[in-house]
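>>> I'd like to go over a predicted model; first the sequence, then the structure.
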Amino acid sequence: MSENLGSNDTNTANFQHGAGVDESLIPKSAAARTVGPIDYMFMWLGDGVNLGNMTLGSSLVVAGIATLNIFQTFVAAIIAIGIISAVFALNDRMGYQTGIPYVVQLRMSFGIKGSVISSLLRGIPAIIWYGFQSWIGGTALNEIAKIVTGGTFDNIFACFVVLQVVQIILSLYGFHAIKWVESVISTVIMLALLYVFLVLLNSHSAVIVEKWVHAKGTWGLPFFAFIMMFMGNYAAIFLSAADYSRELKAGISNGKRGLLYFFPIVVAYGSVLCIGAMLAAATGISNPVKAFAIVVNNNYITLFVSAFIVMGAVAVNMVANIIPPTYVITLITKLKYKVAVTISGLLALGACPWVLVQDSSAEGLGLFILIYSAFLGPIVSILLLEFYALRKGQPVVIADLYKEDGQFAGYNPCAIIAMLIGAGAAFMKVELAWIIGFVVAGISYYLLMKYAYQDSNFKIGTIFEKKLDLGKQTNL
């Protein structure tokens, strides 16, 4: 059964442009959407084929020994991807039905002021990843420059800055530039990675089998921690699923949208995760770019691979790390989209990504993912509970989400408190942060909405609205 977007068109038609937000945050009607299913799958393929995910794969090999063997690695990956796809399809529905971005969706649960806090928890990790991907891309660009100049040029930071400027220029064209960037880049990168995979099999199979395939591994805490890290790598992205689904053409059912996430993520993530672990096992180096240079000891091939590492960094930033923080900056500062997207790029410059890619920082990168997941799990839990349990899948009147003095003015204390309770519980076992935060925050939010703050306007339109009316009658 396909989604009916008719109500979205009505709400969008009634929306007043005087709501005090930039044009990029206005609900997108079904007629204005230009991304089809194939383009959408290529978008997630391009997002998954990146050096950040490959570094996560390389983090499996510590001091030359894999913490999980190959079978355990892929079992954990399939479990995580299944959960990721399900959460994506559930959380993208609000944006798909109504055309609103994530930062506006937050207002339904957190309120206009409360959404500032929760939106920053999505925007800040995106800025960090933006800088991380750009530094990896800059490292690869520097490899290209060294080959072209015969070794006379060697300045990673200069290449990082150049790449950042290019990405800022590309991002000025908005979401529409993503379609052609992702379709071309993801296809070519997959071919390049296939070549690297074959090289690893032919030249380093013995050491890879010894250190990864035949590793003892474990089904204990490290196994579940890897699932959480895997999910944490996508936690920020599926949290802002509305930013992407609002661009997708109408008529696609929830189940089919789930497959639009599942298949490309399996192909992309499975490939880079495998190659990351293989590279680390073969070379003992956690930085994939440096490992590539050792494994593929040929200037022409190194030039080829490095070129697509650069494009891969651009591809993932275009999807996951530029648009969401730009929307956050636009919402908070009221700046125009092009100004906000430039600020996003400049902030990524100052994120010190060169620290995260150090060999000694591979475990730190995983810890960073787990820590911010402690907050993102609770937020997505609150959004899903709000939409499916409290409002029974029926979106609010969209114009109300843009009224500074309307039902969603201020902040919803139930959502803020539930988020903090969930995050606090998650920090008690950081290896399982996302799932603990998700469950605890969901339960807390339901109980708070049911029993606390009886006069709250945020209960209007929910299953607890009758209790609100009874409370008001008692006070009369």
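Thanks, I have the structure now.
>>> Find the nearest non-adjacent residue to residue 216, please.
The shortest distance from residue 216 to any residue other than its chain neighbours is 7.0 Å, reached at residue 69 (CB to CB, 6 or more residues apart in numbering). Just so you know, the C-beta spots here come from the backbone N, C-alpha and C atoms, and that holds for glycine as well.
>>> Return the backbone torsion pair for that neighbour.
Per-residue torsions, residue 69: phi -80, psi 180 (degrees, to the nearest 10).
>>> Tell me how many other residues crowd it.
Residue 69 has 19 neighbours, counted by other CB atoms under 10 Å.
>>> What of residue 244?
Using other CB under 10 Å, residue 244 is surrounded by 28 other residues.
>>> Quick one: residues contacting it.
40, 43, 92, 95, 319 (CB atoms under 8 Å, 6 or more residues apart in numbering).
>>> Could you tell me which of those are located in helices?
Taking DSSP state H, the ones among those that sit in helices are 40, 43, 95.
>>> ok, the closest residue to the second one other than its chain neighbours - contacts?
Taking CB to CB, 6+ apart, and ignoring the residues beside it in sequence, residue 43 has residue 182 as its nearest neighbour in space, at 4.6 Å. When contacts are counted by CB under 8 Å, 6+ apart, residue 182 touches 39, 42-43, 45-47, 315, 318-319.
>>> Distance-wise, check residue 182 relative to residue 38.
Separation of residue 182 from residue 38 (CB to CB, to the nearest Å): 11 Å.
>>> got a pLDDT number for residue 20?
As predicted, residue 20 sits at a pLDDT of 65.
>>> Tell me, please, where in the stretch 351-476 of the chain the pLDDT is lower than the cut-off.
By pLDDT under 70, the low-scoring segments of the stretch 351-476 of the chain are 354-370, 395, 466-476.
>>> if you set the cut-off to 90 instead, what comes out?
351-377, 392-400, 402-407, 426-435, 454-456, 461, 465-476 (pLDDT under 90).
>>> now the helices: where do they sit in it?
Under the criterion DSSP state H, counting those that start in this stretch, the stretch 351-476 of the chain contains helices at 353-356, 362-384, 413-426, 433-451, 465-475.
>>> what's the neighbour count on residue 129?
Count around residue 129 with other CB under 10 Å applied: 26.
>>> isn't it right up against residue 319?
No: with contact defined as CB atoms under 8 Å, residue 129 does not reach residue 319; the gap is 10.9 Å.
>>> Please work out which residues outside stretch 343-356 touch it.
Applying CB under 8 Å, 6+ apart, the contact partners of stretch 343-356 are 127-128, 130-136, 156-157, 160-161, 164-165, 167-168, 171, 321-322, 325-326, 329, 335, 361, 364-365, 368.
>>> What subset of those is buried?
The neighbour-count test (16 or more other CB atoms under 10 Å) marks 127-128, 130-136, 156, 160, 164, 167-168, 171, 321-322, 325-326, 329, 335, 361, 365, 368 as buried among these.
>>> Just the ones of these in helices?
Going by DSSP H, the helices hold 127-128, 130-136, 156, 160, 164, 167-168, 171, 325-326, 329, 365, 368 from the buried ones among the contacts of stretch 343-356.
>>> where does the stretch 201-350 of the chain have low pLDDT?
In the predicted model of the stretch 201-350 of the chain, residues 201-241, 247, 250-258, 265-324, 331-338, 348-350 satisfy pLDDT under 90.
>>> on that earlier part again, include neighbour count when you put the contacts of residue 182 into CSV, please.
Converted to CSV, the contacts of residue 182 look like this (neighbours: other CB atoms under 10 Å):
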residue, neighbour count
39, 17
42, 24
43, 27
45, 26
46, 29
47, 27
315, 29
318, 25
319, 24
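>>> who are the neighbours in contact with the closest residue to residue 311 other than its chain neighbours?
If the residues on either side of it in the chain are set aside, residue 311 comes closest to residue 185, at 4.5 Å by CB to CB, 6+ apart. Applying CB under 8 Å, 6+ apart, we find residue 185 in contact with 46, 308, 311-312, 314-315.
>>> Could you report the separation of the spatially most central residue of the chain from residue 50?
Among the residues of the chain, the one closest to the centroid is residue 237, at 2.1 Å (CA atoms, centre = their mean). Distance, residue 237 to residue 50, using CB to CB: 12 Å.
>>> just to revisit the earlier point, how about the residue nearest to the centre of the chain: what's its closest non-neighbour residue?
Counting by CB to CB, 6+ apart, the residue nearest residue 237 is residue 320, at 5.1 Å.
>>> do residue 259 as well
Here the residue nearest residue 259, using CB to CB, 6+ apart, is residue 85, at 7.6 Å.
>>> pretty sure that neighbour contacts residue 265?
Yes: Residue 85 lies in contact with residue 265 (CB under 8 Å); the separation is 6.8 Å.
>>> So the residue nearest to residue 43: helix, strand or coil?
With DSSP: H, G, I helix; E, B strand; the rest coil as the basis, residue 182 sits in helix.
>>> thinking residue 156 is in contact with residue 136, fair?
No: Residue 156 is beyond contact range of residue 136, at 10.2 Å (criterion: CB under 8 Å).
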